[in-house]
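Asks: Okay, structure incoming, though there's no sequence with it:
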């Protein structure tokens, strides 16, 4: 039954990847005022066995993933990564992972991760990821959040609204808790600043009803697929100034600071033998620290 | 006697700052082929009592520093920061600091930190810092390293040579050990890459001869003041291509990854209530992650 669940999760992450890439390419086509050609995703597959310099992964570690990356005229850089890996956590690391001591460190993980950095400073950047993890326990985690350079109330309300609907229609989810968790998580203590305008964040979702947990996890992806392209479209044809662009490049510096100083996904990826290029795909294409 | 030692160290860091700023401004003047005006340092003073959002510093924490920053036509961004702070380490943090349990966490620290990011991809970036720290122990630490985008054997040899001379003329120093320490320290395990071409790194220098330790610490600053401007001058008038510039901006991404993922100075600064702007002054002015 667990193998069947893993297969269903892996298939879903790939299907969601396909849908997101299709929609992002559609947005590239829509930006006809741009003199640049519409962008297209380029896929690159990696396996865990290659490219590892350190001794982190055990001899039984395997798996891999596919990065889909587009550099376009709407999306300066957008990455949609899926992966499926298995292996062993180091003894120090397993203490912090539920069920990992009982599994003697062995884990399986699959997921999807999306990070979009638009060209326009008026189009919000966004992130979404969901994952299924198996140790001695089985759980889901993930979230989605929006990072505009110039927050607009309508965008923020619509983004939160889409995620709230996903939570409200799934009894395993608790919107208020997940929203607060997101605000707490995507925060830069050294700046006293939030990374963006929030969204939801959840982890260790194991209600006892795998079907329900998986349905909610799918709903998070679907909510993102529904709302984010609409927000992009809303601002796609607006023109911007050099000052606004500069503000965007500075704002992206905060994104880098968060991801490298605090993000657990980045740490997890680098510590568990994830592909460096895939793990650091979240970093923005151009950044300034003035 | 300790107060006298602290004063002498603080005076030295300020004198070295003045000499470095003077020399960097001289290099700005020398780049007469540039259509841009020569850059000049701008100073900004901070005190520890302001701007802190978290509860990290204790009520007796004080001190501050002066940032000298220049955005010029040779140096896209160069920062020369000096600071003098005192306070208490948190109980968790003090375990990792020599003499900090005996001092009940109380510490005093002063130092200078220099990071230069040149405009030209053919001029190496460089870093130097030295500091004096007092807990129940008293010690010096610091180092200097060079980060060229396109390493040249002559530059590397001359940079290493200057630091070797500083070590060889001071019996408290051990060049081979400090050079190896630098190579080990400025390394990005996730990339399997060195940050640059190395230099020296030393910490907890407390030979029992404070005068000797301080003389060596001064010599490290003097060696940097002697050699780095000469390397800048060597490449100052060379023209570069867009491809070389792009390579520089990508190389700077590795610098950011190192500083935010691994650098203890950054961690120390952020954890001990250092000024965020000063701590993150090391981050390059423009970066790409393609």
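Replies: Cool, the structure landed. Predicted, not measured: the structure shown is a model, and the values here were computed from it.
Asks: can you count the residues close to residue A:159?
Replies: Other residues within reach of residue A:159 by the criterion other C-beta atoms under 10 Å in any protein chain shown amount to 27. Just so you know, the C-beta spots here come from the backbone N, C-alpha and C atoms, and that holds for glycine as well.
Asks: helix, strand or coil for the residue nearest to it when sequence neighbours are not counted?
Replies: Nearest-residue entry for residue A:159: residue A:146, 4.7 Å, with adjacent residues in sequence omitted and distances by C-beta to C-beta, 6 or more residues apart in numbering or on different chains. With DSSP: H, G, I helix; E, B strand; the rest coil as the basis, the three-state label of residue A:146 is strand.
Asks: these two touch, right, residue A:146 and residue A:197?
Replies: Yes: counting by C-beta atoms under 8 Å, residue A:146 sits close enough to residue A:197 to count as a contact (5.3 Å).
Asks: Give me the contact list for stretch A:167-182.
Replies: Counting contacts by C-beta atoms under 8 Å, 6 or more residues apart in numbering or on different chains, the residues outside stretch A:167-182 that touch it are A:143, A:145, A:160, A:163-164, A:166, A:198-203, A:205, A:207, A:209, A:212-213, A:215-216, A:219.
Asks: what sits against residue A:142?
Replies: Residues in contact with residue A:142 (C-beta under 8 Å, 6+ apart) are A:111, A:128, A:129, A:130, A:131, A:201, A:202, A:203, A:217, A:220.
Asks: ok, 10 Å please
Replies: A:111-113, A:128-132, A:178, A:200-203, A:205, A:216-217, A:220-221, A:224, A:265 (C-beta atoms under 10 Å, 6 or more residues apart in numbering or on different chains).
Asks: Please narrow those to those residing in strands.
Replies: Secondary structure of these is defined by DSSP state E; positions in strands are A:111-113, A:128-132, A:200-203, A:205.
Asks: and which of those is nearest chain B?
Replies: Within the ones in strands among the contacts of residue A:142, proximity to chain B (C-beta to the nearest C-beta) peaks at residue A:113, which comes in at 15.3 Å.
Asks: How many neighbouring residues does the closest residue to the closest one other than its chain neighbours have?
Replies: If the residues on either side of it in the chain are set aside, residue A:113 comes closest to residue A:129, at 4.0 Å by C-beta to C-beta, 6+ apart. Around residue A:129 there are 22 other residues, counting by other C-beta under 10 Å.
Asks: Common neighbours of residue A:146 and residue A:197, please.
Replies: A:124, A:155, A:156, A:159, A:160, A:186.
Asks: Tell me the pLDDT of the residue nearest to residue A:159.
Replies: The score at residue A:146 is 98. That number is its pLDDT.
Asks: How about residue A:54?
Replies: 44.
Asks: ok but residue A:9 is inside a helix, no?
Replies: Yes: with three-state DSSP as the criterion, residue A:9 is located in a helix.
Asks: Give me the neighbour count for the residue nearest to it when sequence neighbours are not counted.
Replies: Closest residue to residue A:9 in three dimensions, ignoring its sequence neighbours and counting by C-beta to C-beta, 6+ apart: residue A:132, at 4.3 Å. The burial count assigned to residue A:132 is 26, neighbours taken as other C-beta under 10 Å.
Asks: Residue A:132 is in contact with residue A:82, isn't it?
Replies: No: no contact is recorded between residue A:132 and residue A:82 when judged using C-beta atoms under 10 Å, the distance being 11.7 Å.
Asks: Give the residues shared as contacts by these two.
Replies: When contacts are counted by C-beta under 10 Å, 6+ apart, residue A:132 and residue A:82 have A:10, A:12, A:13, A:110, A:111 as shared neighbours.
Asks: Whichever of the residues you listed end up buried, select them in PyMOL.
Replies: Once 16 or more other C-beta atoms under 10 Å in any protein chain shown is used to decide burial, the buried members of the shared contacts of residue A:132 and residue A:82 can be selected in PyMOL as follows:
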select buried, chain A and resi 10+12+13+110+111
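Asks: what two of the shared contacts of residue A:132 and residue A:82 have the greatest distance between them?
Replies: In these, two members sit farther apart than any others by C-beta to C-beta. They are A:12 and A:111, at 10.3 Å.
Asks: on that earlier part again, for the residue nearest to residue A:159, give the beta-bridge partners.
Replies: Here residue A:146 sits in beta bridges with residue A:126, residue A:198, going by DSSP bridges.
Asks: Could you double-check that it sits in contact with residue A:198?
Replies: Yes: in this structure residue A:146 lies within contact range of residue A:198 using C-beta under 10 Å: 7.3 Å.
Asks: More neighbours: residue A:146 and residue A:197, which one.
Replies: When residue A:146 is set against residue A:197 and neighbours are counted by other C-beta under 10 Å, the residue ahead is residue A:146, at 26 against 21.
Asks: contacting residues for that one?
Replies: Remark: with contacts taken as C-beta under 10 Å, 6+ apart, residue A:146 is in contact with A:124-128, A:155-156, A:158-160, A:163, A:186, A:195-199, A:224, A:227-228, A:231.
Asks: Same question for residue A:120.
Replies: Residues near residue A:120 by C-beta under 10 Å, 6+ apart: A:31, A:73-76, A:149, A:232, A:235-240, A:244-245, A:248.
Asks: can you give me the strands for chain A?
Replies: Applying DSSP E to chain A gives strands spanning A:42-47, A:62-70, A:75-88, A:106-118, A:125-134, A:138-147, A:187-188, A:193-194, A:198-205, A:286-288.
Asks: helices or strands next to the last one in the packing?
Replies: Strand A:286-288 sits against helix A:242-261, helix B:242-261, strand B:286-288, with contacts defined as 3 or more C-beta pairs under 10 Å, 6 or more residues apart in numbering or on different chains; DSSP states H and E.
Asks: now swap in the longest one and tell me
Replies: With contacts defined as 3+ C-beta pairs under 10 Å, 6+ apart, the packing partners of strand A:75-88 are helix A:2-30, strand A:42-47, strand A:62-70, strand A:106-118, strand A:125-134, helix A:264-271, helix A:276-279.
Asks: Could you give me the buried positions within the last one?
Replies: Spelled out, it's helix A:276-279. Of all the residues in helix A:276-279, those buried under the rule 16+ other C-beta under 10 Å are A:276, A:278, A:279.
Asks: Over to the longest one?
Replies: For helix A:2-30, burial by neighbour count (16+ other C-beta under 10 Å) applies to A:5-6, A:9-10, A:12-13, A:16-17, A:20-21, A:23-25, A:27-28, A:30.
Asks: quick one: pLDDT of the closest residue to residue A:63 other than its chain neighbours?
Replies: Distances taken as C-beta to C-beta, 6+ apart place residue A:85 nearest to residue A:63, at 3.4 Å, with adjacent residues excluded. Residue A:85 carries a pLDDT value of 90.
Asks: Residue A:61 now?
Replies: For residue A:61, the predicted pLDDT is 71.
Asks: my guess is residue A:266 contacts residue A:259, does it?
Replies: Yes: using C-beta under 10 Å, residue A:266 is in contact with residue A:259, at 5.3 Å.
Asks: Mind listing the shared neighbours of those two?
Replies: Among the neighbours of residue A:266, those also in contact with residue A:259 (C-beta under 10 Å, 6+ apart) are A:279, A:280, A:282, A:283, B:260, B:261.
Asks: residues contacting the first one?
Replies: It stands for residue A:279. So, once contact is read as C-beta under 10 Å, 6+ apart, residue A:279 ends up touching A:81, A:83, A:113, A:259, A:263, A:265-272, B:190.
Asks: Give the closest residue to it in space, chain neighbours not counted.
Replies: Distance criterion C-beta to C-beta, 6+ apart; nearest residue to residue A:279, sequence neighbours excluded, is residue A:269 at 3.5 Å.
Asks: is it true that that neighbour touches residue A:46?
Replies: No: under the criterion of C-beta under 10 Å, residue A:269 makes no contact with residue A:46, lying 11.9 Å away.
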